[in-house]
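[1] 3D model of this:
(one chain, ligands or ions: 2)
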Amino acid sequence: MIELKNIRKSFDGRTVIDGATATMKAGQCNLIIGASGSGKTVLMKCMVGLFEPDEGEILYGGQDFTAMNNKEKTEIRKEIGMLFQGSALFDSLTVEKNIMFPLNMFTEWSHQKKLERVNEVLARVNLKDTNKKFPAELSGGMKKRVGIARAIVLNPKYLFCDEPNSGLDPQTSLVIDKLIKEITIEYNITTVVNTHDMNSVMEIGDYILYMHKGKKEWEGSNKQIIFSKNQLLNEFIFASEFLRDAKEMRMLEETGKIPNNRNIDEMIGPENLPKG
Ligand SMILES: Nc1ncnc2c1ncn2[C@@H]1O[C@H](COP(=O)(O)OP(=O)(O)OP(=O)(O)O)[C@@H](O)[C@H]1O
Ligand SMILES: [Mg+2]
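    Ligands and ions are numbered 1, 2, ... in the order given. Now for the predicted structure:
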């Protein structure tokens, strides 16, 4: 579990994060959503220790990360896997060497043991036998999967993904989302995903923190979003008229004000359907 308590962060006197509070649980996908520039990446960087917040606490399993000394912070960092925006693979290294990188840094394992672990995570992301390929030879979706394999190679308790779907088509995005969700459940990871992909919100958003101008504007689950009356959230999520209509229909359907398809079928009855 990760808890954020009243995080604030400014750059040159300009407030970027203005009091973010959230609880992100293990075994679920915790999403940070919001418009471009709303502070998602800055908040994530504060969480993993790349930025130091000006105020507030970040608790990992109840321990305040911001108050830790460097040695203690390193221990937490070992439990963190991160998938960077654009995958951030080393272009000059093969897939195998990219994934082995954290093992070389943090373990004293034999080459054989490291190789076995690399093959295990490669199989997990459905990229068996790509060991000797270079990043330039991979598609965008494959690069993301290598990035995920590298992020989970040390068996992290915490997984951070910054815009895992950027640059991917909707179907490949779905494959990546599902993989992140499966891994999260399988290994009981506290996963934090920055996104503005609405498919991801609906597909994997167990917990959603909506940031607006550096402030927490709304929190809830993907199911609660449909019924939320928060105007800023609705304008952000249901940006097009088409989606707003779809949301309205869904709400009316749920409240029984309009019949859904099944009810219509029941009301009409097969005997009353037009013949031919
Ligand atoms: N190192 C920095 N120094 C100064 N300002 C910064 C720095 N990093 C980010 N900012 C500012 O903080 C604000 C929030 O940026 P951030 O990258 O967190 O947005 P975001 O929500 O991740 O946007 P996007 O969806 O485009 O990735 C922006 O106004 C940005 O200019
Ligand atoms: Mg960002």
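
[2] list the residues that contact Pro102.
    Arg150, Val153, Leu154 (Cβ atoms under 8 Å, 6 or more residues apart in numbering). Quick note: C-beta positions are derived from backbone N, CA and C, even for glycine.

[3] phi, psi for the second one please.
    Spelled out, it's Val153. As for Val153, its main-chain torsions (degrees, to the nearest 10) stand at phi -60, psi -30.

[4] surely it meets Lys97?
    No: contact status for Val153 versus Lys97: not in contact, 12.0 Å apart, counting by Cβ atoms under 8 Å.

[5] the two: which has the busier surroundings?
    Val153 (24 against 16; other Cβ atoms under 10 Å).

[6] give me the element the residue in the stretch 1-150 of the chain that ligand 2 sits nearest to is part of.
    When distances are taken as Cβ to the ion, the stretch 1-150 of the chain reaches nearest to ligand 2 at Thr41, 3.2 Å away. In this assignment (DSSP states H and E), Thr41 forms part of helix 40-48.

[7] what packs against that helix?
    Helices and strands touching helix 40-48, by 3 or more Cβ pairs under 8 Å, 6 or more residues apart in numbering; DSSP states H and E, are strand 2-11, strand 14-24, strand 28-33, strand 158-162, strand 190-195.

[8] what pairs with the longest one, parallel or antiparallel?
    Counting by DSSP bridges, the strands paired with strand 14-24 are strand 2-11 (antiparallel).

[9] what of the third one?
    Sheet pairing for strand 28-33, assigned by DSSP bridges, gives strand 190-195 (parallel), strand 207-212 (parallel).

[10] and what of the shortest one?
    Using DSSP bridges, the neighbouring strands of strand 158-162 in the sheet come out as strand 80-83 (parallel), strand 190-195 (parallel).

[11] tell me which of those is the most buried.
    strand 190-195 (a mean of 26; mean count of other Cβ atoms under 10 Å).

[12] closest one to Lys25 out of the contacts of Pro102, please.
    Leu154 (21.1 Å; Cβ to Cβ).

[13] excluding chain neighbours, what is closest to that closest one?
    Pro102 (5.3 Å; Cβ to Cβ, 6 or more residues apart in numbering).

[14] got phi/psi on the one you found?
    Torsion angles, degrees, to the nearest 10, at Pro102: phi -60, psi -30.

[15] coming back round to it: which stretch among the strands paired with strand 158-162 comes nearest ligand 1?
    strand 190-195 (6.2 Å; Cβ to the nearest ligand atom).

[16] max-length helix in this structure?
    Assignment by DSSP state H gives helix 170-186 as the longest helix of the chain.

[17] from Val146, how far off is Val175?
    Per Cβ to Cβ, to the nearest Å, Val175 is found 14 Å from Val146.

[18] hang on, I meant Gly34
    28 Å.

[19] related to what we said a few turns ago, the next helix or strand after the helix holding Thr41 - contacts with which helices or strands?
    With elements assigned by DSSP H and E, the helix or strand that comes after helix 40-48 is strand 55-60. Applying 3+ Cβ pairs under 8 Å, 6+ apart, one finds that strand 55-60 contacts strand 2-11.

[20] in the strand it packs on, which residues are buried?
    Ile2, Glu3, Leu4, Lys5, Ile7, Arg8, Lys9 (16 or more other Cβ atoms under 10 Å).
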